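# coords please:
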Amino acid sequence: MMLLLALLVLVALVLQADPATVADHLRQADLTIIMVVIALYLLNMLTKVVRWYVLLHRKGERLPFGKVALYFLIGMAVNNSTPGRVSGEPVRAYLVKTGTGYPMGRAMASIFVEKTIDTIVTLTFAVLGLVLLAGVLNPRASEDLMLSAGIVALFMMALIAFVAFPGIPRRMSAWFFGRLRRRGDEERAERWESTMDGFLGTFERGTREIAR
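Numbers count the residues shown, from 1 in each chain. Coordinates of the predicted model:
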């Protein structure tokens, strides 16, 4: 269904852009460059699958690589077809749980660490770019860029703290439900806290295992 929808959108875009012009540009395209780009894209996808496979590894247990790759690609497909590009992450965590019996919290922990790595690398390059640009811009723009770099650095430190101290979400959850109890909603707080504590406990243990 998703593939059919993607094809329909592609056809609509081609018709909107004038098919003759699109065909002319395709004829002029360098096939070698296109093949290199496709090869690099596939290599990038394979690297990400292997990374998630390694992050999912637990002592004495390895998941089937084929299933991990399939769930990753399904998650990517959901990401690419929904706003925000984040809907696929819980989908692949759910698939790996239902398909292999892998703990949901542990799967989400692996995805959290994976996304933290991506974010830190991206933000590091962003900070370097901001610092380099600061030298060629006027003083006011440089100040704004350095402020942006500082905010980005603080965000990176927060992500690292969540990985280094995975118990933080659990403590935040306990604080929230404590306040909910004080407001008199004891029964609902107990029910939700029990569910959340189980998930966050698995998430915390999973993050600690990965970080070791």
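
# Taking the centroid of this protein, which residue is nearest it?
Among the residues of the chain, Lys115 comes closest to the average C-alpha position under CA atoms, centre = their mean, at 4.1 Å.

# Can you check which helix is longest in the chain?
In the chain, assigned by DSSP state H, the helix with the most residues is helix 104-134.

# after it comes which helix or strand?
The first helix or strand that comes after helix 104-134 along the chain, using DSSP states H and E, is helix 139-164.

# Would you pull up how far that next one lies from the middle of the chain?
20 Å (CA atoms, centre = their mean, to the nearest Å).

# okay, the angle between the helix or strand following it and helix 139-164?
Where DSSP H and E defines the elements, the next helix or strand beyond helix 139-164 is helix 168-182. Angle, helix 168-182 to helix 139-164, by axes from the mean of the first three to the mean of the last three CA atoms, to 10 degrees: 80 degrees.

# And helix 168-182, what does it pack against?
Applying 3 or more CB pairs under 8 Å, 6 or more residues apart in numbering; DSSP states H and E, one finds that helix 168-182 contacts helix 139-164, helix 186-211. Every C-beta, even on glycine, is put in place using the N, C-alpha and C of the backbone.

# got the domain boundaries for this protein?
Residue ranges for the domains of the chain, per automatic domain parsing: 32-102, 105-212.

# Between these, which one is closest to Leu26.
Of all those, domain 32-102 sits nearest to Leu26, with 9.4 Å by CB to CB.

# Tell me the span between the first and last residue of that closest one.
Start and end residues of domain 32-102 are separated by 42 Å (CA to CA, to the nearest Å).

# How far off centre is that domain?
11 Å.

# pLDDT of stretch 67-84, averaged?
Stretch 67-84 shows a mean pLDDT of 84.

# make that stretch 193-204, sorry
Here the average pLDDT along stretch 193-204 is 70.

# cool, stretch 169-187 as well?
74.

# same check, this time on stretch 89-99
Mean predicted confidence for stretch 89-99 is 89.

# thinking again about what came up before, for the residue nearest to the centre of the chain, what are its contacts?
Glu89 (CB atoms under 8 Å, 6 or more residues apart in numbering).

# same deal with Leu130?
Here Leu130 is in contact with 145-146, 148-149, 152 (CB under 8 Å, 6+ apart).

# Take the residues you listed and, keeping just the buried ones, write it as a ChimeraX select command.
Buried members of the contacts of Leu130, identified by 16 or more other CB atoms under 10 Å, are gathered into one ChimeraX selection as follows:
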select :145,149,152
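
# what about Tyr102, neighbour count?
22 (other CB atoms under 10 Å).

# three-state assignment of the closest residue in space to it that isn't next to it in sequence?
Among residues not flanking Tyr102 along the chain, Val96 sits closest, at 4.9 Å (CB to CB, 6 or more residues apart in numbering). With DSSP: H, G, I helix; E, B strand; the rest coil as the basis, Val96 sits in helix.

# Pull the number of nearby residues for Val96.
Val96 has 27 neighbouring residues, counting by other CB under 10 Å.
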